[in-house]
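Student: no sequence on this one, just coordinates:
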């Protein structure tokens, strides 16, 4: 059946080809390939044809390009063109679909033009809209069949006017493509299974059926919801007693189905098979790689014919300790035996909605990560599941990080001096340590609000950045060229590690009461900094936070602080006095080492013994006061 998303490529003409058991007949008068396929009953969908001839795809293209002249009633539609000026289109074995836009409303539609005849199609497409007119469902689109709508100058027949099918245009990806893109995202797979089962339950409860249910006829919309396309084989109640116009794909139909079985249960087998397969893949994605194929999920037509010998079924039985899979397996075995699910309630497919688990993804790259890394077309390495960007190509100049990436790992872009711009998607939550260190050509970067964690010195030595970077409640970066006093905004709670690193012109800074943490290396090498007031909201001062602040004269640490990191004030050579409260319970090594001007460390009465343990190199400067 029609695949609405398959690309129709331009190719030079060639001779007759034999491929996959089908005969490809190539015309020599057009550059675009025109195909007529003859299928065997065992491999491909069985469809009943008449002798009516239809235009070539290339002839349809010419007609669509002048739609305002060639359409009878749809003159307000014009073709949407790609960047090469060609109609946006897709084609399958039986039809070609064009994306059209209303010049009046701007709304887009799909116009389906047939390239093969099918007995009963015209009558079916008259009945389908009538029966579904008052059906409101997110899974269905409205269709309109227009006889003799499009004038086509064709060499294939004396007829000049041909029918078209007008449908809503839906943006999305076919289910099989979405499945493979998200194969290692367990939550996405569980949600896909859940949404398919919901759709399956809906279809099982209705008096109509799609008739050719398969992944390629199911769109996953941008919001994740599912929609059905291609209604050529649909059954509606007014068709009761008719023979099926087609039997659907063998990989998704019961092996004993024939044209006499045409009722509201023709989707039952496909629903049970696909629901079981999707749940199994969600539990074990490797099953798709082992048993799947480009045009199917796990089961093949051969599996259905001999389930007792099916390796796929044996693999799925081994997963039946999962309660949901066990229920879906029982439904599949029932429909395999009975060829319908009339004995079963559709509520069996009302499975529990999965909860999204927050998985902590490390910014650290391991040897295993390197061994399994996957490179994109720009030689940028990602983790196998696509969730972590491991390492960039050093010579990259501008780059758009893949949508769905959640972590930019430690040092991912370190030393990419030619990098001038990088686009970070709103899927990213973590940016690792020194992620963009020494990206001297980077002039600006926009960090989305999805980012909740940024490692220390993430933008160290990015000398080209001239703007302050703030993300949510995190102060990320002050340009190194900044001079004078700086007041940190009131909503900031975290000063990221390395945020002020190397700001030699910074003379003083005001830290608001909203700040709770001063990160590692936060004010490292701020040699011009002479004064800083730490508010009583701060609970921790990170390692080397004020190291090499040679101009800093005095510091008062508030009684909210509980920890002072290693080398926090290392080599603050102008520092003369420090006041430390009793609230401090840990001080890292070398916190005040090489502070050559330090004369006194003022501590509360009765705490000298406590702080002498913390500051063995400075115990002679401890003064209780």
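Tutor: Thanks, I have the structure now. Everything quoted here is computed from the prediction, not taken from an experiment.
Student: Need the distance between the two termini of stretch 85-92.
Tutor: End-to-end distance for stretch 85-92, by Cα to Cα, to the nearest Å: 22 Å.
Student: and if you look at stretch 291-299?
Tutor: The separation between the terminal residues of stretch 291-299, taken as Cα to Cα, is 8 Å.
Student: for stretch 429-436, same thing?
Tutor: Between the opening and closing residues of stretch 429-436 lies a distance of 16 Å (Cα to Cα).
Student: in that stretch, what's buried?
Tutor: Neighbour-count burial for stretch 429-436, with 16 or more other Cβ atoms under 10 Å as criterion, is recorded at 429-436. In this view, the C-beta of every residue, glycine as well, is placed from N, C-alpha and C.
Student: Equivalent analysis for stretch 529-547, please.
Tutor: Burial within stretch 529-547, assessed by neighbour count using 16+ other Cβ under 10 Å, is assigned to 529, 532, 534, 537-538, 540-547.
Student: Pull the distance from that stretch to the chain's centre.
Tutor: 40 Å (Cα atoms, centre = their mean, to the nearest Å).
Student: picking up where we left off before, and which of the buried residues of stretch 429-436 is nearest residue 55?
Tutor: Nearest to residue 55, judged by Cβ to Cβ, of the buried residues of stretch 429-436 is residue 429 at 51.9 Å.
Student: How about the contacts made by that closest one?
Tutor: 406-407, 450-453 (Cβ atoms under 8 Å, 6 or more residues apart in numbering).
Student: Max pairwise distance over the buried residues of stretch 429-436: which two?
Tutor: Most distant of the buried residues of stretch 429-436, by Cβ to Cβ, are 429 and 434, 18.1 Å apart.
Student: Surely residue 296 is in contact with residue 253?
Tutor: No: contact criterion Cβ atoms under 8 Å: residue 296 and residue 253 do not qualify, at 11.5 Å.
Student: Look up phi and psi at residue 333.
Tutor: Phi and psi for residue 333, reported as degrees, to the nearest 10, are phi -70, psi -40.
Student: To clarify, my last question referred to residue 610.
Tutor: Listed backbone geometry of residue 610 is phi -60, psi -50, with angles given as degrees, to the nearest 10.
Student: just the one 10 residues further on next, same as before
Tutor: The phi/psi pair for residue 620 (degrees, to the nearest 10) reads phi -80, psi -10.
Student: From residue 340, how far out is it?
Tutor: Separation of residue 620 from residue 340 (Cβ to Cβ, to the nearest Å): 91 Å.
Student: ok, now residue 567?
Tutor: From residue 567 across to residue 340, the span is 74 Å (Cβ to Cβ).
Student: now swap in residue 454 and tell me
Tutor: Summarising the geometry, the distance separating residue 454 from residue 340, computed by Cβ to Cβ, is 56 Å.
Student: More neighbours: which of these two?
Tutor: Between residue 454 and residue 340, counted using other Cβ atoms under 10 Å, residue 454 has the larger neighbour count: 29 against 19.
Student: contacting residues around the more buried one?
Tutor: Contact partners of residue 454, counting by Cβ under 8 Å, 6+ apart, are 430-431, 447, 471, 474, 476, 496.
Student: at 6 Å what do you get?
Tutor: Neighbour list for residue 454: 431, 476, 496 [criterion: Cβ atoms under 6 Å, 6 or more residues apart in numbering].
Student: just those now: which is nearest residue 82?
Tutor: Of all the contacts of residue 454, the one sitting nearest residue 82 is residue 431; the distance, using Cβ to Cβ, is 35.6 Å.
Student: Do me a favour and get the backbone dihedrals for that closest one.
Tutor: Reported as degrees, to the nearest 10, the phi and psi values for residue 431 are phi -120, psi 120.
Student: Which residues does it form beta bridges with?
Tutor: residue 408, residue 454 (DSSP bridges).
Student: how far away is it from residue 52?
Tutor: Residue 431 sits 61 Å away from residue 52 when distances are taken as Cβ to Cβ.
Student: how about residue 572, what does it touch?
Tutor: Residues in contact with residue 572 (Cβ under 6 Å, 6+ apart) are 549, 552, 595.
Student: where in the stretch 351-500 of the chain is pLDDT low?
Tutor: Scanning the stretch 351-500 of the chain for pLDDT under 70 picks out 358.
Student: Going along the chain, name the strands of it.
Tutor: Listed in chain order, the strands found in the stretch 351-500 of the chain under DSSP state E, counting those that start in this stretch are 374-375, 381-382, 388-391, 398-400, 407-408, 421-423, 430-431, 453-454, 469-471, 474-477, 484-487, 494-495.
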